[in-house]
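S.K.: Fold the stuff below for me.
(one chain, ligands or ions: 2)
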Amino acid sequence: MRIGHGYDVHQLAENRDLIIGGVTIPYELGLVGHSDADVLLHAISDALLGSVAEGDIGKHFPDTDEAYKDADSKQLLAEVAGIVRAKGYAISNVDSVVIAQKPKLAPYIAEMCQVIAHVLNLSEDQVNVKATTTEKLGFTGRGEGIAAEAICLVEKRTTEE
Ligand SMILES: Nc1ccn([C@@H]2O[C@H](COP(=O)(O)O)[C@@H](O)[C@H]2O)c(=O)n1
Ligand SMILES: C[C@@]1(CO)OP(=O)(O)OP(=O)(O)OC[C@H]1O
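M.R.: Ligands and ions are numbered 1, 2, ... in the order given. Presented below is the predicted three-dimensional model:
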């Protein structure tokens, strides 16, 4: 069994969609990035890559590559899951937290879990997403950006799997 950890931050700005965990959330600001800036899927991608010592998403999908301009992070996460499987591992579970002062994410969390489980080909009880504010402290508390953190366990597949 191996463990992986991921952390990501994206800035909030006008004229961008807010996409978190593959779910588009109505809000006056969205996250800025080379891709669709899905901060949660990026943290999960980094946790999975870390678990099999495959670096991070910037290594696999460079932000200097036009191929990833406005990329759908669900597609990047699916590719990361393929890397984990190709190294002979199965994902045991993923836990995560989105750090955002606003908007209220609770109404969207069940759908985020469904999307992530679908992309990773897992059951819903293998995926967890939480949300927290930082009580108005720091860059997340001031609403300048949103952060996400993820952790995962992967297990070596047996020959029958
Ligand atoms: N953007 C957010 C942040 C938090 N929540 C939910 O509110 C609960 C309380 O948050 P605290 O930061 O005060 O601990 C938290 O457990 C989340 O369920 C949210 O929906 N959206
Ligand atoms: C996802 C990638 C894709 O080019 O771009 P960004 O949307 O800028 O996101 P980041 O979290 O900075 O990770 C780097 C890149 O892999």
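
S.K.: can you pull the contacts of residue 152?
M.R.: Shown in contact with residue 152 (Cβ atoms under 8 Å, 6 or more residues apart in numbering): 3-4, 44, 47-48, 51, 91-95. Where you see a C-beta, it was placed from the backbone N, CA and C, and this is true even at glycine.

S.K.: From those residues, keep the buried residues only.
M.R.: In terms of neighbour count (16 or more other Cβ atoms under 10 Å), the buried residues within the contacts of residue 152 are 4, 44, 47-48, 51, 91, 94-95.

S.K.: which residue sits closest to residue 21, ignoring its sequence neighbours?
M.R.: Using Cβ to Cβ, 6 or more residues apart in numbering and skipping residues adjacent in sequence, the residue nearest residue 21 is residue 112, 2.9 Å away.

S.K.: cool, residue 7 as well?
M.R.: residue 149 is the one closest to residue 7 (Cβ to Cβ, 6+ apart), at 5.0 Å.

S.K.: Can you list phi and psi of that neighbour for me?
M.R.: phi -130, psi 140 (degrees, to the nearest 10).

S.K.: since we're on residue 68, how many residues are nearby?
M.R.: 21 (other Cβ atoms under 10 Å).

S.K.: Please report phi then psi for the nearest residue to it once chain neighbours are set aside.
M.R.: Using Cβ to Cβ, 6+ apart and skipping the chain neighbours, the partner closest in space to residue 68 is residue 61 (4.8 Å). The phi/psi pair for residue 61 (degrees, to the nearest 10) reads phi -130, psi 70.
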